[in-house]
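K.L.:
fold the stuff below for me.
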Amino acid sequence: MKTIKLFLSVFCATLSLQAQEISKDKLSIIAESNHQWTGIAMSQTNRMFVNFPRWSADTPVAVAEIINGKIHPFPDANWNMYEENPNHFTCVQSVFVDKANRLWVLDTGYELEKDKTKGGKLFVFDLQKNELTKTYDFPVEAITDKSYLNDFRVDEVNNKVYLTDSRLGGLVVLDLKTKEVRRILASHPSTLAEVPEITIEGIQRKKPVHSDGIELDKERKYLYYCSLTGENVYRIPVKYIVDEKYNDAFLGAKVEQFAKTGANDGIAFDGKGNLYLSSLEKNGISVVDKNGTFKTIITDGLIQWPDSLSFGNGGVLYFTTSLIHLPKDKRPTYKVFRLDLK
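P.N.:
Below you'll find the model as predicted:
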């Protein structure tokens with residue numbers, strides 16, 4: 001009997017190590033908020049930016065820089081006043097820092113009172129001066145008032161920006177030279193919800209959320225994406241997306257299933273070609289390594305709806321929690337985590 005117990009103890013310990021690749025002492029909370037954030041972006045000088053989508057009337061800030069754990073409106077308080085003005089945010093869903101160390105801010109144009117999108121905008125800020133340098137428009141005629149642009153990546157090689165639409169499904173492509181906006185793969189299964197529901201901490205969520213997470217590999221060879229109410233990550237060669245002669249039928253045939261992962265929100269590559277994922281149903285972070293192996297590297301009860309991921313200096317992973325599955329009166333503070341992958 002003792003032998004059996006010892007065997008079971010060793011067996012369970014082995015399973016635990018397999019499920020938990022990284023020790024929990026590598027995980028730390030570096031910021032908390034009583035207001036719901038989604039996106040996070042780390043600059044090349046390790047400045048940290050987050051955004052708060054206006055999904056409720058009590059959202060006081062749209063974009064902020066976190067300094068020593070404190071929230072500072074970015075670029076200033078005036079931009080965050082939610083007024084009908086070109087230099088005010090409406091509903092910011094995600095942020096991203098490009099290779100030139102510029103902060104890109106995606107404003108969905110979603111109007112809470114009307115439950116419609118008036119047209120999105122993509123703002124580009126110079127982080128040396130904290131000033132706006134460019135604005136790109138997503139006219140409502142191009143994306144429709146039912147659209148909700150979610151996440152995006154900047155392709156500086158091909159002068160494009162690729163975005164997901166989580167409300168209607170499909171990908172949106174912005175040409176940075178012509179400012180043309182076009183929608184692709186809107187009806188393709190890879191950009192639509194794949195499962196009728198997902199379960200997080202015993203709570204079933206049946207509302208479909210289509211294409212959400214998106215990422216480019218370092219070589220700008222493939223574009224990766226996934227639906228939140230889904231179970232796979234897909235990819236498509238960038239060379240076909242940037243060539244406008246290809247229609248959806250052609251593009252759809254070029255989509256590949258990259259990995260079966262379960263439900264994810266944000267996804268991000270590290271510098272070594274490993275794709276990290278926010279594993280919603282596991283309260284954790286997972287990875288598809290450069291060899292194509294999927295594994296969950298850490299789980300924790302505090303990691304409640306891990307949302308967006310961003311790498312800082314030294315290969316440190318930062319991510320937000322947005323608690324979307326929980327009733328508002330049951331939510332603890334929203335958190336930013338730091339995960340040391342070394």
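K.L.:
can you map out the helices along the stretch 101-250 of the chain?
P.N.:
Listed in chain order, the helices found in the stretch 101-250 of the chain under DSSP state H, counting those that start in this stretch are 140-143, 238-241, 248-254.
K.L.:
in the first one, what's buried?
P.N.:
Which is helix 140-143. Buried positions in helix 140-143, judged by neighbour count with 16 or more other Cβ atoms under 10 Å: 140, 142-143. The way it works is simple: take the backbone N, C-alpha and C, and place the C-beta from them, glycine included.
K.L.:
ok, those vs Leu277, which is closest?
P.N.:
Leu277 lies nearest to Ile143 out of those, by Cβ to Cβ, at 26.2 Å.
K.L.:
my read is that that closest one contacts Leu149, right?
P.N.:
Yes. Here Ile143 lies in contact with Leu149, judged by Cβ atoms under 8 Å, at a distance of 6.9 Å.
K.L.:
next, show the common contact partners of those two.
P.N.:
Residues touching both Ile143 and Leu149 by Cβ atoms under 8 Å, 6 or more residues apart in numbering: 120, 165, 172.
K.L.:
put the buried members of these into a ChimeraX selection.
P.N.:
In ChimeraX, a selection of the buried entries from these looks like this (16+ other Cβ under 10 Å):
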select :120,165,172
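K.L.:
same list (the shared contacts of Ile143 and Leu149) but as CSV, adding pLDDT and distance to Phe89.
P.N.:
Putting the shared contacts of Ile143 and Leu149 into CSV (pLDDT from 0 to 100; distance: Cβ to Cβ, whole Å) gives the following:
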residue, pLDDT, distance to Phe89
Gly120, 96, 11
Asp165, 98, 19
Val172, 98, 19
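K.L.:
dump the shared contacts of Ile143 and Leu149 into TSV; add distance to Ser94 as well.
P.N.:
Putting the shared contacts of Ile143 and Leu149 into TSV (distance: Cβ to Cβ, whole Å) gives the following:
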residue	distance to Ser94
Gly120	11
Asp165	12
Val172	13
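K.L.:
now, which of the shared contacts of Ile143 and Leu149 lie within strands?
P.N.:
Secondary structure assignment (DSSP state E) places 120, 165, 172 from those within strands.
K.L.:
distance of Asp25 relative to Ile298?
P.N.:
When distances are taken as Cβ to Cβ, to the nearest Å, Asp25 and Ile298 turn out to be 11 Å apart.
K.L.:
between those two, which one's more packed in?
P.N.:
Between Asp25 and Ile298, counted using other Cβ atoms under 10 Å, the more crowded position is Ile298 (24 against 7).
K.L.:
what's around the nearest residue to that one once chain neighbours are set aside, how many residues?
P.N.:
Beyond its immediate neighbours in the sequence, the residue positioned closest to Ile298 (Cβ to Cβ, 6 or more residues apart in numbering) is Ile22, lying 4.7 Å away. A count of nearby residues for Ile22, using other Cβ under 10 Å, gives 19.
K.L.:
ditto for the one 10 residues further on
P.N.:
Burial of Glu32, expressed as a neighbour count using other Cβ under 10 Å, amounts to 13.
K.L.:
got it, and Asn150?
P.N.:
Counted by other Cβ under 10 Å, the residues lying close to Asn150 total 27.
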